[in-house]
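Chemist: Pasting a predicted model and its sequence here:
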Amino acid sequence: MTFWPEDPAATAGPATAEGAVPPAWALGLLIASLVLLELYLTVRDARRLWKDLR
């Protein structure tokens, strides 16, 4: 009698055929960083445009 599960992949946690699924906070952090980067670039471009128009 062994104490090993019959299918080790069944107890390995969330995974797909391509690999492990990233946690939800990692996806949220990625989206938040992209939003902040877009906001920074928009403000920077707006300041340059405002300086050119003055």
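Modeler: Perfect, I can see it now.
Chemist: As CSV, could you dump the C-alpha coordinates of stretch 26-33?
Modeler: The C-alpha coordinates for stretch 26-33 follow below in CSV (Å, rounded to 0.1, in the frame of the first residue of the first chain):
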residue,chain,number,x,y,z
ALA,A,26,-0.4,38.8,-11.2
LEU,A,27,-2.9,39.5,-14.0
GLY,A,28,-4.3,42.4,-12.0
LEU,A,29,-0.8,43.8,-11.4
LEU,A,30,0.0,43.6,-15.1
ILE,A,31,-3.2,45.4,-16.1
ALA,A,32,-2.7,48.1,-13.5
SER,A,33,0.9,48.7,-14.7
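Chemist: neighbouring contacts of it?
Modeler: By Cβ atoms under 8 Å, 6 or more residues apart in numbering, no residue outside stretch 26-33 reaches it. Every residue, glycine included, has its C-beta placed from N, CA and C.
Chemist: What's the mean pLDDT across that stretch?
Modeler: Averaging pLDDT along stretch 26-33 yields 94.
Chemist: Quick check: which element contains Leu29?
Modeler: helix 24-53 (DSSP states H and E).
Chemist: Next, count neighbours for Asp45.
Modeler: Per other Cβ atoms under 10 Å, the neighbour tally for Asp45 reads 10.
Chemist: any idea how far it lies from Pro22?
Modeler: 31 Å (Cβ to Cβ, to the nearest Å).
Chemist: Kindly report the same for Arg54.
Modeler: 46 Å.
Chemist: Those two: which has the busier surroundings?
Modeler: Between Arg54 and Pro22, counting by other Cβ under 10 Å, Pro22 is the more crowded of the two (11 against 5).
Chemist: for the more buried one, helix, strand, or coil?
Modeler: Here Pro22 is recorded as coil under DSSP: H, G, I helix; E, B strand; the rest coil.
Chemist: what about it, distance to Glu38?
Modeler: 21 Å.
Chemist: So, low pLDDT: which residues of the protein?
Modeler: 1-19, 21 (pLDDT under 70).
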